[in-house]
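A.B. asks: what shape does this take:
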Amino acid sequence: MLEELKNVICEYVDVNPDDIHEDSRFVEDLGFNSYDFMSMVGELEETYDIEVEEREVVNVKTVGDAVAYIESLKD
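C.D. replies: All right, here's what the predicted structure looks like:
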């Protein structure tokens, strides 16, 4: 899941996949703005056939948070 998410992240921001870690923060470390982040969330919803709750997505600050959240929705 982490490797797949790294590939998706690289479609939205100019960062080397090797520089993305579970503790990487989307805004502060990877350079996401809110539009890019929400666009990525939409792509993840389609890719994994999940529905992300808007009130929950604000708690997703790091790549690890995203992995855990996606995995919780897939169960």
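
A.B. asks: only C-alpha atoms from now on, for both contacts and neighbour counts.
C.D. replies: Fine.

A.B. asks: can you get me a residue count around Thr62?
C.D. replies: By other Cα atoms under 10 Å, the residues close to Thr62 number 20.

A.B. asks: now swap in Ala66 and tell me
C.D. replies: Neighbours around Ala66, by other Cα under 10 Å: 21.

A.B. asks: which SSE is it in?
C.D. replies: helix 63-74 (DSSP states H and E).

A.B. asks: so which elements touch that helix?
C.D. replies: helix 2-12 (3 or more Cα pairs under 8 Å, 6 or more residues apart in numbering; DSSP states H and E).

A.B. asks: just name the shakiest helix or strand of the protein by mean pLDDT.
C.D. replies: helix 54-57 (a mean of 90; mean pLDDT, DSSP states H and E).

A.B. asks: tell me which residue is most central in the chain.
C.D. replies: Centroid-nearest residue in the chain, with Cα atoms, centre = their mean: Ala66, separated by 5.0 Å.

A.B. asks: buried residues, stretch 4-14. List them.
C.D. replies: 5-6, 8-9, 12 (16 or more other Cα atoms under 10 Å).
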